[in-house]
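Student: Here you go, sequence then predicted model.
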Amino acid sequence: MTSTSTHQLQARRISLCAAVGTSAILVLAGCAGGGGSTRASGGEISRAVNDVPEAPKTKQSAADQALARAQNLLSQGMKRPALIEFERAIENNPSLPQAYMGAAEIYREQGDYESAAVRFGQAADLMPQNFDSRYKQGLMLQLLNRLHEAVKAYVKALEINPNDFEANLNVATAYLQLGEPSSALPFAQRSVQINPKSGPAHANLGSIYSTLNRHQDAVNEYRQALELVELSPPLLLNLANSLGKIGRFDEMLNTLNQVIRIQPSAAAYERMGFAHFRLSRFDEALKAFRTSVEIDPNYAPGHTGIGVCLLNEYEFAKRANDDFRTEGLKHLRLSVQLEPRQNQVIDLINRYR
């Protein structure tokens with residue numbers, strides 16, 4: 001799954017897209033920073049406050065004053081002093097959900113997802129029927145890669161509002177990150193049903209279908225996604241990979257040519273080599289594989305492709321040209337050095353050494 005900085009993680013939607021063949025497009029929704037307000041209404045929080053026990057009068061008064069100061073400071077954009085006042089309100093009255101939510105939002109905007117997760121969770125415990133606090137707890141936990149906990153928080157949020165688009169989308173990505181595509185599938189499908197015009201939702205569903213080896217379904221979803229978003233090399237690569245899985249190699253090549261026009265990469269040329277090889281265009285395949293490792297000398301699949309092509313040439317020459325075998329084995333060994341867990345490649349090396 002490209003590298004993303006902490007600040008970039010605060011975009012409205014985050015797309016985490018890794019290399020084709022072992023990857024899925026993951027979409028994380030609702031990570032807005034920079035002053036985003038909570039989705040809870042004032043009425044919801046006020047009702048929740050009325051349900052909690054009243055603190056001793058002096059403590060209650062101090063908490064109310066701190067909360068008022070915090071909200072005033074926040075309205076002026078003074079977030080650091082506002083955070084101090086929110087925490088002072090919590091210290092004086094641990095039953096003020098507004099203070100937990102206010103502090104959590106500031107922690108989130110500062111990139112302190114650990115503290116934000118704690119405060120959102122505490123707010124959720126005080127307001128069991130408040131969707132926003134539980135959803136945002138899940139979001140923070142997912143950003144911290146605490147995926148099992150994130151799933152639990154999202155599921156609780158969805159018990160309150162089963163048709164929230166972002167919660168369905170995010171719990172699907174969390175399950176996919178956990179390697180549980182079957183659990184992810186119904187949530188990803190629901191996110192598409194809720195918002196059929198969301199390209200990221202279609203892309204996410206396509207990734208799940210691909211992981212489940214339902215590649216025709218994956219192709220359908222990727223193509224719908226491409227109609228709704230700008231052309232993205234990771235998305236096109238995943239589409240090309242699924243096209244290859246169902247034997248549509250000419251379409252795979254057309255898709256890869258689009259990728260290369262936008263952003264040439266080792267992965268794109270390696271996939272192109274694979275498609276040419278399956279179409280018995282062995283010279284074109286070898287050329288594409290060599291380009292792959294020229295772009296990235298440490299890209300193991302490219303070296304594997306070169307090795308297989310050269311051993312194929314060795315067999316076509318009826319084993320008369322040992323140079324093909326020697327160079328082919330060199331690339332296969334390098335591939336295994338770069339990625340050791342390749343049993344089929346190791347078998348080839350043992351067979352031809």
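Tutor: Arrived safely. Numbers count the residues shown, from 1 in each chain.

Student: where does this protein dip in pLDDT?
Tutor: 1-57 (pLDDT under 70).

Student: and the longest helix for it?
Tutor: helix 57-75 (DSSP state H).

Student: Buried by neighbour count: which residues of it qualify?
Tutor: By 16 or more other CB atoms under 10 Å, the buried positions in helix 57-75 come out as A62, A63, A66, L67, R69, A70, Q71, L73, L74. All C-beta spots, glycine's among them, are computed from the backbone N, C-alpha and C.

Student: Figure out how far it is from the centre of its chain.
Tutor: 39 Å (CA atoms, centre = their mean, to the nearest Å).

Student: May I have that helix as PDB, with CA atoms only?
Tutor: The C-alpha coordinates for helix 57-75 follow below in PDB (Å, rounded to 0.1, in the frame of the first residue of the first chain):
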ATOM      1  CA  LYS A  57     -21.000  22.700  43.000                       C
ATOM      2  CA  THR A  58     -17.600  24.300  43.300                       C
ATOM      3  CA  LYS A  59     -16.000  21.800  40.900                       C
ATOM      4  CA  GLN A  60     -19.000  22.100  38.500                       C
ATOM      5  CA  SER A  61     -18.600  25.900  38.500                       C
ATOM      6  CA  ALA A  62     -14.900  25.700  37.800                       C
ATOM      7  CA  ALA A  63     -15.600  23.200  35.000                       C
ATOM      8  CA  ASP A  64     -18.300  25.400  33.500                       C
ATOM      9  CA  GLN A  65     -16.100  28.400  33.500                       C
ATOM     10  CA  ALA A  66     -13.100  26.500  32.000                       C
ATOM     11  CA  LEU A  67     -15.400  25.200  29.300                       C
ATOM     12  CA  ALA A  68     -16.700  28.600  28.500                       C
ATOM     13  CA  ARG A  69     -13.200  30.000  28.300                       C
ATOM     14  CA  ALA A  70     -12.100  27.100  26.000                       C
ATOM     15  CA  GLN A  71     -15.000  27.700  23.600                       C
ATOM     16  CA  ASN A  72     -14.300  31.400  23.500                       C
ATOM     17  CA  LEU A  73     -10.600  30.800  22.800                       C
ATOM     18  CA  LEU A  74     -11.400  28.300  20.200                       C
ATOM     19  CA  SER A  75     -13.800  30.800  18.400                       C
END
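
Student: Tell me which residues are up against that helix.
Tutor: 54-55, 79, 81-86, 88-90, 92-93, 96, 98-99, 102, 106 (CB atoms under 8 Å, 6 or more residues apart in numbering).

Student: ok, now stretch 163-174?
Tutor: Contacts for stretch 163-174 (CB under 8 Å, 6+ apart): 26-30, 131, 135, 138-139, 142, 147, 150-151, 154-155, 157-158, 161, 184-185, 187-188, 190-191, 194-195, 198, 200-201, 204-205, 208.
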